[in-house]
Structures are given as C-alpha cells and as structure tokens.
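Trainee: Quick check, what structure comes out for this input:
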Amino acid sequence: MRAAVLRGVDRPFEIEEVAVGELRPDEVLVRVVASGMCHTDLILRNPARASEFTPIIAGHEGAGVVEEVGSTVTRVSPGDHVLLSFDSCGWCRACLTGAPAYCEEFNARNMFGVRADGTAAITDGDGATVRNRWFGQSSFAERAVATERNLVVVAPDLPLELLGPLGCGLQTGAGSVFNEMKLAPGQSIAVFGAGAVGLAAVMAAKIAGAGEIVVVDLHLSRLKLAQELGATRVVPGDADDVLEQVKGDTDGVDFSFDTTAVTGVIATAISALRQGGKAVLVGAGSGRIDISPLLLVGRTVTFVLEGGAVPQVLLPQLVRYWREGVFPFEKLVRTYPLSEINQAEADSLSGATIKPILVMS
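Mentor: This is a model prediction of the structure:
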C-alpha cells in the first residue's frame with residue numbers, strides 16, 4: 001500500500017510503498033478512504049522527540065471500510081463503514097467507568113506510534129520497521145491497522161471522505177462542551193482559538209443553548225465564520241483589551257475554552273471566568289502558566305483529552321447533529337489528495353485551511 005512516511009523532524013512527508021504484516025487476533029485492517037490532519041500530528045516534528053518517533057506514519061482522524069478482522073474481533077465485520085478514533089485498553093478503571101480518554105494505557109497505545117507492547121505492523125521497501133499505530137491507527141495511508149476499541153461503525157450512506165475529523169479534533173471541541181462543561185441553556189462561554197477544535201466547541205455550545213458565545217482569534221476570516229456558526233460576539237486576538245472585551249458588561253463567563261496552548265492566552269481565559277466558572281484547556285504545548293493563586297478562588301481549571309468522550313457514544317451523536325444541519329463542520333474543511341500532504345500541512349500551519357482532509361484515491 002501507499003503511505004505518507006515521516007522520516008525526520010525537518011523532512012517532508014514521503015509517499016512510499018509499505019507492507020502490512022499479519023493481523024493479530026484483536027486487530028482490524030481498514031481501507032482508509034480519507035483522514036483529517038490535526039495539529040496534534042505536528043507533535044511528530046518536535047526535535048526533542050524526533051528520534052523516538054521516526055520513521056512513522058501519522059494521521060489519527062481516519063474514515064474507511066473494514067477489510068479484514070482478527071479472530072477475536074466481534075463488534076465489526078468486513079464491509080462495515082467506520083470512523084477511527086483513539087485507542088484504549090477497555091479494562092482499566094478509567095475504561096470501565098466510561099472514561100477511555102484517561103485509559104491507563106493511553107500513552108502506550110496512542111502517543112508512540114506502536115502497539116502497547118512496542119511492536120509495529122508495517123515495514124518499508126527495505127524491510128525496516130515503520131511505526132504505524134499513531135493514536136491506534138496511523139491513517140495517512142491506504143490501509144490502517146486498528147482495534148475494535150477505536151472504531152465506530154457508521155451508516156454506509158454517509159460520506160466517509162468528510163467524516164474523519166470527527167474522530168479527534170471535532171470530538172475534542174464538542175465533547176469538551178457536552179461532557180466536561182455540561183453547558184446548560186443560558187450559560188456563557190468564551191472560546192480562544194477558532195480552529196477546528198474551537199469552532200466545534202462553538203457549534204456544540206449553540207446546540208446546548210448557550211446564552212452567549214464569545215470567540216477570540218487572530219484571523220478575521222475565522223471570526224466571521226465563528227459568527228456564522230453561532231458566536232454572539234467576536235474579539236480580535238491582538239486587541240489591547242481582549243480580557244475586557246471578552247467579559248463585556250458582565251462579571252465574566254461561565255466557561256472558557258483554550259485551544260491555543262499559549263500561556264498568556266490561557267491566563268486570559270482563566271481571568272475571564274466569573275466566580276464559579278471553569279476553564280477547559282485542550283491545546284498541547286510545553287509552556288508553563290504563571291498566575292496568582294488568588295485568580296483561582298472559586299474557579300476551576302482542567303485539561304481535557306479527546307473531549308472526555310466515549311467515541312462510540314459521541315461520534316454517532318455528532319453525525320446525527322450534522323444530518324440535522326446544526327453541526328455543519330463541512331464549512332471548515334478542504335480536501336487534498338494524499339500526494340499533496342505537504343501542501344496540506346503548510347496550509348494548516350499558515351491558517352489558510354482550517355481542517356485539511358487527505359483523500360487516499
């Protein structure tokens with residue numbers, strides 16, 4: 001099969017022919033139709049960790065059709081149309097209490113590009129190992145090896161070339177609103193960063209009945225789109241008085257949602273809360289937050305993985321909202337053939353494209 005292989009932090013993705021090994025009993029082979037590109041994929045370009053990651057196939061927002069299943073797989077069958085999300089063990093305390101995003105094996109199964117035991121299933125033309133389990137899937141390829149734990153079966157009439165981003169970015173934004181905030185009708189939210197994750201939170205907040213939805217971003221085009229999707233007010237991120245504009249004539253918002261991982265923005269997101277408010281952080285970054293403990297009086301700050309979602313519950317819900325026209329995430333996407341993956345990455349980094357989707361054929 002063809003796959004986009006990353007062999008170095010400063011090298012482009014290279015389209016290569018690779019071979020898939022024999023499936024294990026609990027594994028599933030999926031023919032990938034399309035895969036969203038997420039900023040989390042760019043973690044692989046962190047120079048501090050490049051040597052432990054590469055060579056690797058990235059991609060963790062896949063959508064496709066099941067081709068083959070292992071002998072112990074019972075919940076999916078060949079021919080099923082599926083979305084791919086993060087992997088989890090199914091048996092730790094977090095998984096058994098409905099919180100697979102906090103699985104004890106989350107890092108081992110998702111963050112290193114290999115199985116939990118450290119092995120991979122892909123080899124290149126020279127017979128060398130290529131990591132192929134990034135977030136349990138590595139879907140920048142024509143085939144992905146997953147497990148039934150990170151597959152969500154969907155109706156065969158749905159457009160697989162569109163739905164991939166539901167498996168991570170959109171799940172993170174919408175799930176944070178529905179699962180972590182449990183935002184109630186009339187409550188307010190400030191969203192910092194109008195990328196795919198932030199705009200998914202905007203759409204979810206509108207569905208939940210938020211009384212006010214404030215969005216902060218540096219791109220005026222994204223602020224305009226945020227208003228189209230449900231924002232009641234927008235604030236340019238480079239304004240001198242961002243905090244004052246976010247709070248307006250109130251004592252603060254009920255919830256703030258940071259997707260930027262910029263420490264100064266996080267501090268503003270916390271400062272924008274009213275007493276009793278909650279700041280939810282999802283942006284992955286290496287900075288440190290420097291705030292006064294007094295700023296936390298009566299406020300809550302938390303970091304959320306994957307929207308705190310159970311993919312098999314949330315993703316069908318998001319599909320239903322999309323069918324009903326209230327979660328129009330198609331307005332965020334632009335498609336690219338797999339061969340143009342490096343252009344898709346450049347457009348994502350520049351902000352020219354909010355959510356790139358790579359189509360395999």
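Trainee: Name the residues of the one helix or strand Ala94 maps to that come out as buried.
Mentor: Applying DSSP states H and E as the criterion places Ala94 in helix 93-96. Neighbour counts over helix 93-96 (16 or more other C-beta atoms under 10 Å) mark Ala94, Cys95 as buried. (Each C-beta comes from the backbone N, C-alpha and C, glycine too.)
Trainee: Now the helix or strand just after it: buried residues?
Mentor: Counting by DSSP H and E, the element after helix 93-96 in chain order, helix or strand, is helix 106-110. Within helix 106-110, the residues that qualify as buried are Phe106, Ala108, Arg109, Asn110, counting by 16+ other C-beta under 10 Å.
Trainee: Out of these, which comes closest to Met203?
Mentor: Of all those, Asn110 has the smallest distance to Met203: 25.3 Å, by C-beta to C-beta.
Trainee: ok, the residue sitting furthest away from the middle of the chain to Arg2 distance?
Mentor: Computed with C-alpha atoms, centre = their mean, the residue of the chain farthest from its C-alpha average is Asp249, at 33.4 Å. Distance, Asp249 to Arg2, by C-beta to C-beta, to the nearest Å: 56 Å.
Trainee: try Glu61
Mentor: Separation of Glu61 from Arg2 (C-beta to C-beta): 18 Å.
Trainee: Neighbour count for these two, which is higher?
Mentor: Remark: of Glu61 and Arg2, Glu61 carries more neighbours, 32 against 16, as counted by other C-beta atoms under 10 Å.
Trainee: my read: that one touches His39, true?
Mentor: No - counting by C-beta atoms under 8 Å, Glu61 does not reach His39; the two are 11.2 Å apart.
Trainee: what's the average pLDDT for stretch 272-288?
Mentor: Across stretch 272-288, the average pLDDT comes to 91.
Trainee: From the chain's centroid, how far away is it?
Mentor: 18 Å (C-alpha atoms, centre = their mean, to the nearest Å).
Trainee: low pLDDT regions in the chain?
Mentor: The model of the chain has pLDDT under 70 over residues 49-51.
Trainee: Straight-line length of stretch 335-342, end to end?
Mentor: One end of stretch 335-342 sits 13 Å from the other (C-alpha to C-alpha, to the nearest Å).
Trainee: so Ala63 makes contact with Leu160?
Mentor: Yes - counting by C-beta under 8 Å, Ala63 does reach Leu160; the two are 4.2 Å apart.
Trainee: Give me the more crowded residue out of these two.
Mentor: For Ala63 versus Leu160, the count of surrounding residues by other C-beta under 10 Å is larger for Ala63: 29 against 20.
Trainee: What separation do you get for the more buried one and Arg143?
Mentor: Taking C-beta to C-beta, one finds Ala63 at 13 Å from Arg143.
Trainee: Identify the contacts common to these two.
Mentor: By C-beta atoms under 8 Å, 6 or more residues apart in numbering, Ala63 and Arg143 have these common neighbours: Val32.
Trainee: end to end, how far does stretch 295-304 reach?
Mentor: 20 Å.
Trainee: Give me the contacts around it.
Mentor: 101, 172, 175-176, 180, 267, 270-271, 273, 275-282.
Trainee: Unless I misread the structure, Ala344 falls within a strand.
Mentor: No - with DSSP: H, G, I helix; E, B strand; the rest coil as the criterion, Ala344 is helix rather than part of a strand.
Trainee: And it, how far from Val253?
Mentor: Counting by C-beta to C-beta, the separation of Ala344 from Val253 is 34 Å.
Trainee: Next: Leu218.
Mentor: For Leu218, the distance to Val253 (C-beta to C-beta) stands at 20 Å.
Trainee: Any chance you could list what contacts stretch 346-361?
Mentor: Here stretch 346-361 has contacts from 2, 4, 32-37, 39, 42, 59, 140-142, 161-162, 164-165, 169, 195-196, 199, 219, 222, 225, 329, 332-338, 340-341, 344-345, using C-beta under 8 Å, 6+ apart.
Trainee: from these, which ones fall inside strands?
Mentor: Residues of the contacts of stretch 346-361 located in strands (DSSP state E): Arg2, Ala4, Val32, Val33, Ala34, Ser35, Gly36, Val333, Arg334, Thr335, Tyr336, Pro337.
Trainee: Contact partners for Gly169?
Mentor: By C-beta under 8 Å, 6+ apart, the contact list for Gly169 reads Gly36, Cys38, Glu61, Gly195, Ala196, Val197, Ala200, Lys355.
Trainee: so what's the first one bridging to?
Mentor: According to DSSP bridges, the partner residues bridging Gly36 are Ile357.
Trainee: residues near it, how many?
Mentor: For Gly36, the neighbour count with other C-beta under 10 Å is 29.
Trainee: So it sits against Leu83, correct?
Mentor: No - contact criterion C-beta under 8 Å: Gly36 and Leu83 do not qualify, at 10.3 Å.
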